[in-house]
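# missing the sequence, but the structure's below:
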Ligand SMILES: C[S@@+](CC[C@H](N)C(=O)[O-])C[C@H]1O[C@@H](n2cnc3c(N)ncnc32)[C@H](O)[C@@H]1O
């Protein structure tokens, strides 16, 4: 069934406000085309003929699980392996050496949080970088906590299976070392090796949940390419919250298209898109 007619002003406002309330993603008034295109699939899945019926369903059955599908449909999950390579260079040249030199104290367990991990390319790239670095230093260990609001991307990420197109930024030697090549019907696909994936945990988490479930603070937080979807007030709130989960001297890495300029925050600016909490 194809959706009847265009999304009305009233329906668009309802979806925009609901998304803002639940995720703080700021659709504004300009994303009408995008919203109607992405919701077409949800209308078909629910056998509904119009956006108005879909909005009514969300209102009358708020606990039906459709909200999760709505968030999955609206969130933008674009990502790729070794995205924004400067961050990986900085990790290798500055963060990991300072961890190894004891700048964070005597702990030998490096903890990283990828807080909008999407389909997993970011944390698996990080895992490769960490494994390559710490391979030479048997005395250290690492773990990566990953989270995202979208169940769909988390399902994908936790499988750790990628096709060769998605892996084009991964060096052939790393592909061999860190992935298992698929056979038969999995030809052309590669699965992250368990030695790597066992150190990576995925969990659904809204960055605006009343609290975060972490018992320990992180050395580094990757919060990349998610703040662009939030308004300034929300960005300020988020980076303030993240600071409470970083160790003194810990690093916050944001997307290169994002900036903390003009908002109140407790970090020192180190390089574009790299911030550090005072030690
Ligand atoms: C464009 S992806 C960024 C992926 C990766 N960090 C990168 O830079 O390549 C943005 C991710 O943010 C997630 N997201 C959006 N709003 C969120 C929220 N309120 N809480 C947690 N994750 C959210 C989306 O589901 C999406 O997977």
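Yep, that arrived. Worth saying up front: this structure is predicted, and the values here are computed from it rather than measured.

# CA only for contacts and neighbour counts going forward, please
Noted.

# Which pLDDT value goes with the nearest residue to residue 32 once chain neighbours are set aside?
Beyond its immediate neighbours in the sequence, the residue positioned closest to residue 32 (CA to CA, 6 or more residues apart in numbering) is residue 12, lying 6.7 Å away. Per-residue confidence (pLDDT) for residue 12: 97.

# So which bits of this structure are right by the ligand?
Where the chain comes near the ligand, counting by CA under 6 Å from any ligand atom, the residues are 23-25, 75-80, 116-118, 122, 148-150, 205-208, 224-226.

# Narrow these to those in strands?
residue 148 (DSSP state E).

# Now do residue 11: how many residues are near it, please.
Taking other CA atoms under 10 Å as the criterion, the count of residues near residue 11 is 18.

# How about the one 5 residues further on?
Look at residue 16: counted by other CA under 10 Å, it has 20 neighbours.

# In three-state terms, label it for me.
With DSSP: H, G, I helix; E, B strand; the rest coil as the basis, residue 16 sits in helix.

# Same check on residue 252?
Following three-state DSSP, the label given to residue 252 is strand.

# The residue nearest to residue 32: what secondary structure?
helix.

# Hmm, it is touching residue 33, no?
No. Residue 12 is beyond contact range of residue 33, at 9.9 Å (criterion: CA atoms under 8 Å).

# Compare those two (neighbour count), which wins?
residue 12 (22 against 12).

# Now do residue 86, the pLDDT please.
You'll see residue 86 listed with a pLDDT of 98.

# how about the strands in this protein?
109-114, 141-148, 161-163, 179-181, 189-192, 200-204, 218-223, 246-254, 268-271, 274-276.

# Is it possible to get TSV of these that adds mean pLDDT and mean neighbour count?
Output for these, formatted as TSV (pLDDT from 0 to 100; neighbours: other CA atoms under 10 Å):
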stretch	mean pLDDT	mean neighbour count
strand 109-114	97	20
strand 141-148	96	21
strand 161-163	98	19
strand 179-181	97	18
strand 189-192	98	20
strand 200-204	98	17
strand 218-223	98	23
strand 246-254	97	22
strand 268-271	97	13
strand 274-276	98	22
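
# Just put those in JSON lines and tack on distance to residue 239.
Shown next, in JSON lines, are those (distance: least, CA to CA, whole Å):
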{"stretch": "strand 109-114", "distance to residue 239": "13"}
{"stretch": "strand 141-148", "distance to residue 239": "16"}
{"stretch": "strand 161-163", "distance to residue 239": "31"}
{"stretch": "strand 179-181", "distance to residue 239": "34"}
{"stretch": "strand 189-192", "distance to residue 239": "31"}
{"stretch": "strand 200-204", "distance to residue 239": "19"}
{"stretch": "strand 218-223", "distance to residue 239": "9"}
{"stretch": "strand 246-254", "distance to residue 239": "9"}
{"stretch": "strand 268-271", "distance to residue 239": "12"}
{"stretch": "strand 274-276", "distance to residue 239": "10"}
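
# one step back: buried among the residues of the chain next to the ligand? Need that as a selection in ChimeraX.
To isolate in ChimeraX the members of the residues of the chain next to the ligand that are buried, counting by 16 or more other CA atoms under 10 Å, one can use:
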select :23,24,25,75,77,79,80,116,117,118,122,148,149,150,205,206,207,208,224,225,226
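
# What about the residues of the chain next to the ligand, which are in helices?
When the residues of the chain next to the ligand are checked against helices using DSSP state H, the ones located there are 23, 122.

# Buried residues, stretch 169-183. List them.
Neighbour-count burial for stretch 169-183, with 16+ other CA under 10 Å as criterion, is recorded at 170, 175, 178, 179, 181.
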